[in-house]
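> Output the structure for:
(chains A and B)
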Amino acid sequence: MRRSLFLHLAALVVCASPAFAQAKATAQNVPEIPYDSVPNFIKMPAGMYLGEAIGVATNSKGHVFVYTRSANTRLFEFDQNGTFVREIGEGAYNFEFAHSVRVDKDDNIWVVDEGTNTIVRFNPEGHITMVLGRRPPAVLGMRIAPAPGATPPAAKYTFGRPTDVAWDPQGNIFISDGYVNHRVVKFDKNGRFVKQVGSERPGSEPSQFNTPHGIAVDNNGNVYVADRGNNRMQVFDNNLVLRNIYDNIGVSWTVCISPGPHQYLFSSNSNPNGNPPGSWDITGEIYKMELDGTIVGKFGHASKQLGGFQVVHMLDCRNPDQIIVAEIESWRVQKLMLKPGAAPARPATTAAR
Amino acid sequence: MRRTLKLLAALLALAIAPLGAQLVVPELAYDAQIEPLKLPPNLNFGEVAGVATNSKGDVFVYTRTGHPTLSLGTARPFAHGGSRMFRFDKTGKYVGEIGQGIYAFLFAEKVKVDPQDNIWVVDQMANTVLELDPEGRVLMLLGRKAESERVPVDLPPAPPAQPQGRAAGAGPAGGGGRAGGAAAEAPEGGRRGGGPPGAGGQQDVFNRPTDVAWDAAGNIYVADGLGNSRIAKFDKNGKFVRSWGQTGTGPGQFRQPRAIAIDAQGLVYVADAGNRRIQVFDGDGNLKGRFLNVGTPRAICITQGPRQVMYVSNSNPPEDIDYDGEIFKLDLTGKLLGKFGRAGRLAKEFNAVNQLECRTENEVWAAELGNWRVSKISVRGSASTN
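You can find the predicted model right below:
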C-alpha cells in the first residue's frame, strides 16, 4: 500500500510538471537522416543579439523571420543567406513574449504572442493589417489575471496564451490556443469565428488537448496539432473532426508541413527545458514523416553544440531538405542541410491508430 | 370582449408608435478608407483610442502601443509608457510624434482639438486631461498621474452585473447586442473623496476619465469616467465650477460615461454607454432629454456649422465582432437620420470604435480599438436633408 501510494505520488508529480515533460519515442528502427548545420547561418549586426529563438519562418523569397524573446520581444528579417535585412514591428503593441511566427502564401507575416494573447498579421511591408485577440488593457492591471479556480469558458475572439497559427488553401485561419485554453479555433479568412475543438480545460481524450503547442495545415485542409502535453500529434479534417493520432514520436512540441505536391510532416521531440537528468538520452530528435504518419526518418539530438539542439521550439520546412530550427535555450537559429539520399529507403513502422 | 380587444389594440399601437417611427432607419451609402494615414515603414498603431482633426485638416491619433511598463524603485512600482500620439497632415502624410517620452501617456483614451486648434489628450490610466498648444507644448493640465501603482492596480470594485440583453428602453436600432459588452472592461464606482457613490471625484481628481469638450464660452467639461460616474465642469482657466452625476441607472446618473459632445447652444450630450442611452444636459447639469435609440453609445461627435448633426457609434466591444458595430446619424433632437456599417475587420466594417470625429456631415473619422486602425468614412447619404 505504501509503495503504491508512492507510485501514485510519483505519477502525480510527473503529470503535474509539464515543464519537465519528456517522452521517449516508441517508434522503432527509425533511420537516421544525416545532415550538416550551416556554420554561422544567422548573422546579427554588431551590437544586436538574439535572445531565446522562439519563432522562425521563411517567405517565398527564402528570407528568414526570427521572433525572439530579447530585452524586448522583437521580430527580425534576414535574407536567404542569413544576412540581416531589417527589424519589423519595432515597439508594436502585440510584442511582449514571443511564441510563433509564420508566413502565409501571400508573404504576410503572422506573429503569435503569448504575452499579449494576440495573433497579428503584418503585410510584407511590415504594417499591421489584421488583429485577432485582445491585449488585456494595462489600465486593468492585474485585475485581468484569471481568478483562482476554474478557467472561464473560452471565448470566440480572445485567447489564453495562444501558441501558433496556420491556414488552409482557402485562407481559413487555425489557431492553437494554448497554455490557458486547450483548444484549436477556426476562423474564416476575414477573422470571423467558425468553430473550435477542445475547450478551456485540458484533457487527454481524443479531440481534447493538453497545451496544443503548434499547428500546421496540409494542401487538403487537414489540420495537424502538436498536442505537447499529451505526447502526441492529433490530425483533424478541415471541420476539426478527428482523423488520426500519431503517438509514437515522443513529445510533439512543434509541427511543420512542407509545400509542394509531395508534402512531408516534421515534428520535434524536443528535449525539455532545464535539461533534467537523462533527458538527452531519450529526447531531442526531429521526425520526418509522411502525412499519414509513416515515419521516413529522424535527425538531430540534444546538445549545446552546433548541430545539436537545445529545446527546439519551431521549425521551418519550406524546403524539406533544408530545415531551419529555432531553439529556446541556445538562443540560436540553425539551418540544417539534410542528406536524405543517404537514408535507407525502407520506411519505419507506422503509428497511426 | 370586443371592447377589450380594441383597447388592447390601441394600447399596442401606442406602445409601438414611437418605436415604429424608428424602425425605418435608412441605410446610408458610405465608403471607408482603412489606410487614410500613411505610417512610416517601421511604425504601427496599436489600439487606436483617439482621432481628431484641426482646422487645417491635420489629423492626430492617440494610440495604445509600445510596452506599458512598471519600473522598480522603492517598493512602489512606477508606470511608464504604453501610449503615443502621432500627427499627420491633411493628405495623410506622417508629420511626427507629439509627446514622446511625456509623463502621462499611459492608456490612451481620447484626443480632441478645440476651436483654437489646441490639442487635448485624455488618458484613462494617468487620470489626466492635458492641453497642448497647436505645436504640442504643454498649456494646461487637469488631474494628476498617480505617483505609483499598486499591483494589482488600484481599482474600485466591479459593479453588479448588468442583465444581459437589451437595457430598458433601448430602441429597435439597438439590435440584439448585449449590455455586457461595454461593461466587461469597466469596473466603476468612485474611490476618492466624498459625495454620493460614484461621484467621488474632487474638482480635477479623475478616475479613468474618458472625454473632454467645451462650450462656446470655453468652459471645459470632462467625462469622468469609468471610475467616477460624473461630468466635471471647469471654466476656461481650469477652475472647477461644478460636478454632476453618480453611478446608477436613474435620470442624471451614469454607468460608464464614455464620450461627451457639446452643440452650438451649449447642450451637453453624454454617451452613457452602460445604460445604453445618451443623456442631454444644459451647461449647469440640468437633464434636458435622453436618446434611447443608439444601442451602446461609445463614441459621439457633432458637426460644425449652422445645421448640426450627430454621429454615434453603437460600438461592439473589442472582444467580439458578432454584434453591434453600426454608426448612427441623428439630428440633435435624437431623431435617427440613418445608419451604416457593422462590426468586423474588413474595410467598411468597424471594430470597437472608441472615438468619432466629424467636422462636416460627409467626412467622419473613426478610431478603432479592435482593428488597430483609423477609418476615414465618406458618408454619401442625404437623409439629413429631409
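> tell me the centre residue of chain B?
B:Ala259 (2.9 Å; C-alpha atoms, centre = their mean).
> B:Arg290 contacts B:Arg277, doesn't it?
Yes. In this structure, B:Arg290 is within contact of B:Arg277 by C-beta atoms under 8 Å, at 5.1 Å. Yep, even glycine has a C-beta here, placed from its N, CA and C like the rest.
> Looking at those two, which is more packed in?
Remark: of B:Arg290 and B:Arg277, B:Arg277 carries more neighbours, 28 against 19, as counted by other C-beta atoms under 10 Å in any protein chain shown.
> that older thread, and the residue nearest to the centre of chain B, its phi and psi?
phi -160, psi 160 (degrees, to the nearest 10).
> For the residue lying closest to it once chain neighbours are set aside, give me its contacts.
Residue nearest to B:Ala259 in three dimensions, not counting chain neighbours: B:Ala271, with 3.9 Å by C-beta to C-beta, 6 or more residues apart in numbering or on different chains. By C-beta atoms under 8 Å, 6 or more residues apart in numbering or on different chains, the contact set of B:Ala271 is B:Ala223, B:Pro257, B:Arg258, B:Ala259, B:Ile260, B:Ile278, B:Pro297, B:Arg298, B:Ala299, B:Ile300, B:Val312.
> on contacts alone, who are the packing partners of the helix or strand hosting the third one?
Following DSSP states H and E, one finds B:Arg258 within strand B:257-262. Contact analysis of strand B:257-262 by 3 or more C-beta pairs under 8 Å, 6 or more residues apart in numbering or on different chains; DSSP states H and E lists strand B:209-214, strand B:220-224, strand B:230-234, strand B:268-272, strand B:297-302 as its packing neighbours.
> Which elements pack onto the second one?
Taking 3+ C-beta pairs under 8 Å, 6+ apart as the contact definition, the neighbouring helices and strands of strand B:220-224 are strand B:209-214, strand B:230-234, strand B:257-262, strand B:268-272.
> And those: which comes nearest A:Gly293?
Closest to A:Gly293 of these is strand B:257-262 (C-beta to C-beta; 53.4 Å).
> pretty sure B:Lys90 contacts B:Gly57?
Yes. Distance between B:Lys90 and B:Gly57: 3.0 Å, which falls inside the contact criterion (C-beta under 8 Å).
> circling back to that earlier point, correct me if wrong: the residue nearest to the centre of chain B contacts B:Val212.
No. With contact defined as C-beta under 8 Å, B:Ala259 and B:Val212 do not form a contacting pair (10.0 Å).
> Mind listing the shared neighbours of these two?
The contact lists of B:Ala259 and B:Val212 share B:Lys110, B:Ala223, where a contact means C-beta under 8 Å, 6+ apart.
> residue boundaries of the strands in the stretch 251-386 of chain B?
Taking DSSP state E, counting those that start in this stretch, the strands of the stretch 251-386 of chain B run over residues B:257-262, B:268-272, B:277-281, B:287-291, B:297-302, B:309-314, B:327-331, B:336-340, B:353-360, B:363-368, B:373-379.
> so what's A:Met233 up against?
So A:Met233 contacts A:Tyr224, A:Val225, A:Ala226, A:Asp227, A:Ile245, A:Tyr246, A:Asp247, A:Ile249, A:Ser252, A:Val255, A:Ser267 (C-beta under 8 Å, 6+ apart).
> hmm, I was thinking of A:Arg135
Counted by C-beta under 8 Å, 6+ apart, A:Arg135 has contacts A:Tyr93, A:Asn94, A:Thr116, A:Asn117, A:Thr118, B:Gly46, B:Glu47.
> Just the buried residues of the contacts of A:Met233.
A:Tyr224, A:Val225, A:Ala226, A:Asp227, A:Ile245, A:Tyr246, A:Asp247, A:Ile249, A:Ser252, A:Val255, A:Ser267 (16 or more other C-beta atoms under 10 Å in any protein chain shown).
> Up against chain A, what does the stretch 201-350 of chain B have?
Contacts of the stretch 201-350 of chain B with chain A, taken as C-beta under 8 Å from any C-beta of the partner chain, map to B:Arg208, B:Pro318, B:Glu319, B:Asp320, B:Ile321, B:Asp322, B:Gly344, B:Arg345, B:Leu346.
> count of residues packed around the closest residue in space to the fifth one that isn't next to it in sequence?
The reference is to B:Ile321. Nearest residue to B:Ile321, sequence neighbours excluded (C-beta to C-beta, 6+ apart): B:Ala343, at 4.3 Å. Residues lying near B:Ala343 (other C-beta under 10 Å) number 23.
> these two touch, right, B:Ala343 and B:Val353?
No. At 9.4 Å, B:Ala343 and B:Val353 do not qualify as touching, with contact defined as C-beta under 8 Å.
> Quick check: neighbours shared by those two?
Common neighbours of B:Ala343 and B:Val353 (C-beta under 8 Å, 6+ apart) are B:Gly325.
> OK, contacts around B:Ile98?
Going by C-beta under 8 Å, 6+ apart, the list of residues near B:Ile98 reads B:Phe60, B:Met85, B:Phe86, B:Arg87, B:Ile119, B:Leu132, B:Gly136.
> Could you dump the helices and strands packed on strand B:257-262 into CSV and include mean pLDDT and distance to A:Thr83?
Formatted as CSV, the helices and strands packed on strand B:257-262 follow (pLDDT from 0 to 100; distance: least, C-beta to C-beta, whole Å):
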stretch, mean pLDDT, distance to A:Thr83
strand B:209-214, 98, 48
strand B:220-224, 98, 52
strand B:230-234, 97, 57
strand B:268-272, 98, 52
strand B:297-302, 98, 46
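> For those strands, please prepare TSV with the additional fields distance to A:Gly308.
Rendered in TSV, the data for those read as follows (distance: least, C-beta to C-beta, whole Å):
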stretch	distance to A:Gly308
strand B:209-214	55
strand B:220-224	60
strand B:230-234	64
strand B:268-272	60
strand B:297-302	54
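> So for B:Leu37, which of these sits nearest?
strand B:297-302 (17.9 Å).
> Just give me the neighbour total for A:Lys105.
11.
> ugh, wrong one, B:Ala273
29.
> how about it, what does it touch?
So B:Ala273 contacts B:Ala182, B:Arg255, B:Gln256, B:Pro257, B:Arg258, B:Ala259, B:Thr296, B:Pro297, B:Arg298 (C-beta under 8 Å, 6+ apart).
> which bits of chain A sit near chain B?
So chain A meets chain B at A:72, A:86-96, A:125-128, A:130-131, A:134-135, A:137-143, A:145, A:155-158, A:190-193 (C-beta under 8 Å from any C-beta).
> for the stretch 51-200 of chain B, what spans make up the strands?
B:59-64, B:69-72, B:77-80, B:83-88, B:94-98, B:108-113, B:119-123, B:128-132, B:138-143.
> can you put the ones you listed in CSV and add distance to A:Gly55 and mean pLDDT?
Formatted as CSV, these follow (distance: least, C-beta to C-beta, whole Å; pLDDT from 0 to 100):
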stretch, distance to A:Gly55, mean pLDDT
strand B:59-64, 24, 98
strand B:69-72, 23, 90
strand B:77-80, 27, 92
strand B:83-88, 26, 98
strand B:94-98, 29, 98
strand B:108-113, 28, 98
strand B:119-123, 33, 98
strand B:128-132, 37, 98
strand B:138-143, 41, 98
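> Please tell me which one of the contacts of B:Ile98 counts the most neighbours.
B:Ile119 (26 neighbours).
> Quick check: chain neighbours aside, which residue is closest to that one?
Distances taken as C-beta to C-beta, 6+ apart place B:Leu132 nearest to B:Ile119, at 4.4 Å, with adjacent residues excluded.
> Is the one you found in contact with B:Leu139, as I believe?
Yes. Using C-beta under 8 Å, B:Leu132 is in contact with B:Leu139, at 6.3 Å.
> Need the overlap of contacts for those two.
Both B:Leu132 and B:Leu139 are in contact with B:Asn118, where contact means C-beta under 8 Å, 6+ apart.
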